[in-house]
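Q: Okay, sequence plus prediction incoming.
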Amino acid sequence: MIMLGPPGAGKGTQANLLQERFHVAHISSGDLLRGAVKRKTAIGQRAKRFMDRGELVPDDLVLGAIEERLQHDDARQGFILDGFPRTVPQADALAAMLAAQGTAIDYVVSLSVPRDELVKRLAGRRTCRECGTMYHIIFDPPSNPGLCNKCNGELYQRDDDQEDTVLARLEVYDRETAPLLATYRGRSVLREVNGVGSRDQVLARILSEVQRDK
Ligand code: AP5
Ligand code: MG
Ligand code: ZN
């Protein structure tokens, strides 16, 4: 499954819930890249300046990271791609990669959320440093401020959630990623889901879409 949607639409939040339910791998290109930046790998060092500006990292870097991640054992029984593909060349490369393994994408879930709501969601987002669980200081606050409910890990704010960078990321989405929707539209894999409502309401919508016959 692919989770598509603008920054703040809830791709990571919903992918976490789906992973718990279906026990498939949750592969977030953003998390892979942030991990590479933190470890100062060759990919991380090249990716950092694009991420800091809210721009897309060049396709070859992202594709290398995803291809490697898809080889891990936990991806054999299926996977949820979160934040990838994000350009038409990435989508084409993914299709070719999967075809070579005799498989294909079953669903592309596209979450839509109005822009002013996206900005609010990103401004208040906090993420657990240890387990990656997402919170929101107003919409989904942790029981103890600054600490994860699940693992007591420290919550942090992402560098690219500063207001200027958020606006740049939203523009990049409109320009470079929204056109992907047109390529999936008209194919039976696309499921367009309203991303406004509680986390559980959105999850229920996704589940009813993926349980519906193609
Ligand atoms: P990435 O990490 O993918 O960021 P993004 O696409 O900007 O999306 P976000 O992670 O910000 O949002 P989300 O949809 O996951 O929302 P979340 O669930 O957290 O990419 C970061 C950067 O890496 C890019 O800018 C680029 O530089 C690079 N990159 C990554 N992939 C790339 C690729 N394929 N190609 C090139 N470059 C790439 O939710 C947001 C907040 O809302 C949270 O606080 C959450 O608690 C809250 N929330 C969630 N659901 C709800 C709800 N239903 N109601 C109220 N609040 C909610
Ligand atoms: Mg995310
Ligand atoms: Zn945690």
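A: Yep, it's here. Residues are numbered from 1 along each chain as shown. Ligands and ions are numbered 1, 2, ... in the order given.

Q: Flag every buried residue along the worst-scoring helix or strand of the chain on mean pLDDT.
A: Least confident helix or strand of the chain, by mean pLDDT, DSSP states H and E, is helix 178-184 with a mean of 92. Across helix 178-184, burial judged by 16 or more other Cβ atoms under 10 Å covers 180, 184. Quick note: C-beta positions are derived from backbone N, CA and C, even for glycine.

Q: burial measure for the residue in the chain that ligand 1 sits nearest to, as a count.
A: Ranking the residues of the chain by distance to ligand 1 (Cβ to the nearest ligand atom) places Gly30 first, at 1.8 Å. By other Cβ atoms under 10 Å, 19 other residues sit near Gly30.

Q: before we move on, back to that, any residue of the least confident helix or strand of the chain touching ligand 1?
A: No: on the criterion Cβ under 6 Å from any ligand atom, helix 178-184 is out of touch with ligand 1, staying 10.4 Å away.

Q: related to what we said a few turns ago, my guess is the residue of the chain closest to ligand 1 meets Arg86, correct?
A: No: assessed by Cβ atoms under 8 Å, Gly30 is found out of contact with Arg86, at 9.8 Å.

Q: What residues does the chain have near ligand 1?
A: Within the chain, the positions near ligand 1 by Cβ under 6 Å from any ligand atom are 5, 7-13, 29-30, 33, 50-51, 54-57, 62, 83-84, 86, 90, 121-122, 124-125, 134-136, 139-140, 160, 169, 197-199, 202.

Q: Out of these, which sit inside helices?
A: When the residues of the chain next to ligand 1 are checked against helices (DSSP state H), the matches are 11-13, 29-30, 33, 50-51, 62, 90, 121-122, 169, 199, 202.

Q: Separate out the buried members of these.
A: Buried among those (16+ other Cβ under 10 Å): 11-13, 29-30, 33, 51, 62, 90, 121-122, 169, 199, 202.

Q: What's the per-residue pLDDT of Arg53 here?
A: For Arg53, the pLDDT comes out at 96.

Q: Give me the neighbour count for it.
A: Arg53, neighbours per other Cβ under 10 Å, totals 14.

Q: So the nearest residue in space to it that is not next to it in sequence versus Lys48, what's the distance?
A: Closest residue in space to Arg53, ignoring its immediate chain neighbours: Ala168 at 6.4 Å, by Cβ to Cβ, 6 or more residues apart in numbering. In this view, Ala168 and Lys48 are 15 Å apart by Cβ to Cβ, to the nearest Å.

Q: One more: Phe22?
A: Noted for Phe22: a distance of 33 Å to Lys48, by Cβ to Cβ.

Q: OK, contacts around the residue nearest the centre of the chain?
A: Centroid-nearest residue in the chain: Asp82, 3.0 Å away (criterion: Cα atoms, centre = their mean). Listed by Cβ atoms under 8 Å, 6 or more residues apart in numbering, the contact partners of Asp82 are 3, 11-12, 15, 26-31.
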